[in-house]
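> no FASTA, just this:
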């Protein structure tokens, strides 16, 4: 197990380094932040002074070398707009995004797995057709359109739920969260549903496929021959055997929920890192953009590593086959 984890960590370091090169080069080669940071009547001397203070007067390779050395000590640059360390700005906003992503993931699990089991056990029935049609819509309808429809129905027409902001927050175990207040929960419901719809569809289809592949197997027939109840067969034998792909997908999708919450956060004005990155791109706040991407990539790598470890625990054969 130790060699397996070390091998994965080394691969993660290589991925992170390559990503930093690509992201830094791509972001720093686009646009000129001075055009946004300085007024139109700024003199050349003022532009040169600001460029020197921000390090923009150096060649790209020199800027990257300085960035890499600072990054190794945890400094991902200072925001051009906020004049604060980029990582601190992101960490301030990250809890709101994690809260939203976690809520969406929980909804995907508690709704997707039961519906997938139900659909898989009643293949070809009206229930199966209805659930699968709903999952197709969850995949097909654009995320931004779903969000606008949720706001139109539940905020504008019915007036049940707020459509923007995070609402009032409180603390649970010293952590500031929307779950601590009813107002915060009300503000969380619509964006969490919007972010979870595609993942619910994915979990439904994955679970349904796993059930249909598992039910005809010999050990299920043997369990039935032993007189085990259908509920026990499904909850113990079937569900246990489809957990590995479900755990894998759920782990990877949690990372994608964080990375792709941008649309949901923008629609619902949710104060997370997704909205921050959109605002930073608009003003070419390069350090924040680079820091955001590297933080998200690091989270992806960490989540994948955890999934790999859980995967290898559930199926030890994976450790011996892993490159």
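Yes, it's here. This is a predicted model, so every value here is computed, not measured. Numbering: from 1, shown residues only.

> for the stretch 201-323 of the chain, which segments count as helices?
218-225, 230-232, 239-241, 243-259, 262-267, 273-282, 286-314, 317-321 (DSSP state H, counting those that start in this stretch).

> identify whichever of the ones you listed lies nearest to residue 79.
The closest of the helices of the stretch 201-323 of the chain to residue 79 is helix 286-314. By CB to CB, the value is 5.1 Å. Quick note: C-beta positions are derived from backbone N, CA and C, even for glycine.

> which elements pack onto that closest one?
Counting contacts by 3 or more CB pairs under 8 Å, 6 or more residues apart in numbering; DSSP states H and E, helix 286-314 is packed against helix 2-28, helix 86-121, helix 243-259, helix 273-282, helix 317-321.

> where in the stretch 51-200 of the chain is pLDDT low?
54-57 (pLDDT under 70).

> where exactly do the strands run in it?
170-172, 175-177 (DSSP state E, counting those that start in this stretch).

> ok now the last one, how far from the chain's centre?
What separates the centre of strand 175-177 from the centre of its chain is 19 Å, taken as CA atoms, centre = their mean, to the nearest Å.

> each with direction, which strands does it pair with?
Paired strands of strand 175-177, with direction, are strand 170-172 (antiparallel) (DSSP bridges).

> how far is the partner strand from where the chain is centred?
For strand 170-172, the distance to the chain centre is 23 Å (CA atoms, centre = their mean).

> with stretch 67-87 instead?
That offset, for stretch 67-87, works out to 23 Å (CA atoms, centre = their mean).

> gap between the two ends of it?
Length of stretch 67-87, first residue to last, CA to CA, to the nearest Å: 13 Å.

> what does that stretch rub up against?
20, 24, 33, 37, 54, 89, 280, 283-288, 290-292, 294-295 (CB atoms under 8 Å, 6 or more residues apart in numbering).

> contact partners for the closest residue to residue 111 other than its chain neighbours?
Nearest in space to residue 111, with sequence neighbours left out and distances taken as CB to CB, 6 or more residues apart in numbering, is residue 200 at 5.1 Å. By CB under 8 Å, 6+ apart, the contact set of residue 200 is 107, 108, 111, 112, 115, 135, 138.

> narrow the residues you listed to those that are buried.
Buried by 16 or more other CB atoms under 10 Å: 107, 108, 111, 112, 115, 135, 138, out of the contacts of residue 200.

> contact partners for the second one?
What it means is residue 108. 196, 199, 200, 202, 203, 250, 253.

> tally of neighbours for the second one?
Okay, so that is residue 199. Residue 199 is flanked by 24 other residues according to other CB atoms under 10 Å.

> and for the last one?
Neighbourhood size, residue 253 [other CB under 10 Å]: 20.

> so who does it touch?
105, 108, 199, 202.

> neighbours around the last one, how many?
Meaning residue 202. Neighbours of residue 202 (other CB under 10 Å): 20.

> look up how far residue 104 lies from it.
Noted for residue 202: a distance of 12 Å to residue 104, by CB to CB, to the nearest Å.
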